[in-house]
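**Student:** Predicted structure and sequence below. I'll ask about it afterward.
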Amino acid sequence: MIVSIIPARGGSIGIPRKNMHITAGIPLLGWTINQAIREKKIDKVYVTTDDNEIAQYAKSLGAEVVIRPEDISGSEASSESAIKHALKIISKESAAEVDLIVFLQATSPLRMPNDLKDSIHFYYESNADSIFSSSIAEDLTLWQKNKNDNLNSINYDFKNRTIRQEAPTQYIENGSIYIFTPEILKDYNNRLGGKIETFVMKSWQAHEIDTIEDIELVEYYISKYMDSK
C-alpha cells in the first residue's frame, strides 16, 4: 500500500495558523490534500495534526486523520517523529501493510498534476531507497561567514570562477515531495537514506511558504501555471 502522510500542526512561527491561511482561494493545506487525494497511485492520504479545525477540514476533503500527541506537536518536533507516530496508528487500523510513504509538506504546494505520479514512477525506475524533489539551482552562488566572521564562498571558488556551462549541476531541495519506505525511516531515523535520488521539478516550484510575502508569490505561480480547479 502506498500512503501519503501530510504533517499539519495548528501552530506556526512565521504566519499564524499557516496551514489554514487562505491561499489562492482555499486553506493552504487544501492544495496538498487535494493533490494527494486525486493521485490514483496513492492508496490512502493521512493528515497528522494536533488541531481540531485542521482535522475536520482534512476529513471534509477525504483524508484520514491521525491525532498527534502533544509531545511531538511543538515547533521543535521533527516531521520524522510525526510520520513514525502516524505509521504506528496506520498499522493498527489498516489491514494492508504500508510499502511506500509519499511525504508531502503543505508549505510547498506548487505541484503540477503529474508530479506525484511521475515522482512515484521515478522512485521505482531509479531503484532508489529514497528520493526528494528539487529544482536546479541556476547561477546560485552561496557564501557563509565562518567562526571568525569572515565570508567564504561555499559552492564555488570565487578566485577561480568558471562559466555556467562548466559548473556541476546543483539542486535545491524544494520540500515538496519525499518518497521512502518505512524501513528507511526506521533504519536512518530520517526521510532520506540508502541510495538517494532527486526528482527534478521546475525552478518556480522551489518556492516554499514561510512568510506572508511568500503567500503572495505562491499565489502568483498558482494562477500562472496551475489549474485552480
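**Tutor:** Sure, I can see it. Numbering: from 1, shown residues only.
**Student:** Residue 209 looks like it's in a helix, true?
**Tutor:** No - if the criterion is DSSP: H, G, I helix; E, B strand; the rest coil, then residue 209 is coil and not within a helix.
**Student:** Mind listing residues that contact the helix or strand bottoming out on mean pLDDT in the chain?
**Tutor:** Sorting the helices and strands of the chain by mean pLDDT, DSSP states H and E puts strand 151-153 at the bottom, at a mean of 83. Applying C-beta atoms under 8 Å, 6 or more residues apart in numbering, the contact partners of strand 151-153 are 141-146. C-beta: built from backbone N, CA, C; applies to glycine.
**Student:** quick one: strands adjacent to it?
**Tutor:** Sheet pairing of strand 151-153 (DSSP bridges) gives strand 143-145 (antiparallel).
**Student:** re the thing from before, reformat the contacts of strand 151-153 as a markdown table; add pLDDT, neighbour count and distance to residue 65.
**Tutor:** Shown next, in a markdown table, are the contacts of strand 151-153 (pLDDT from 0 to 100; neighbours: other C-beta atoms under 10 Å; distance: C-beta to C-beta, whole Å):
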| residue | pLDDT | neighbour count | distance to residue 65 |
| --- | --- | --- | --- |
| 141 | 76 | 13 | 43 |
| 142 | 80 | 11 | 39 |
| 143 | 83 | 11 | 43 |
| 144 | 88 | 9 | 40 |
| 145 | 85 | 9 | 44 |
| 146 | 86 | 8 | 46 |
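**Student:** which among these gets closest to residue 99?
**Tutor:** Lowest distance from residue 99 to the contacts of strand 151-153 (C-beta to C-beta) belongs to residue 142, with 37.2 Å.
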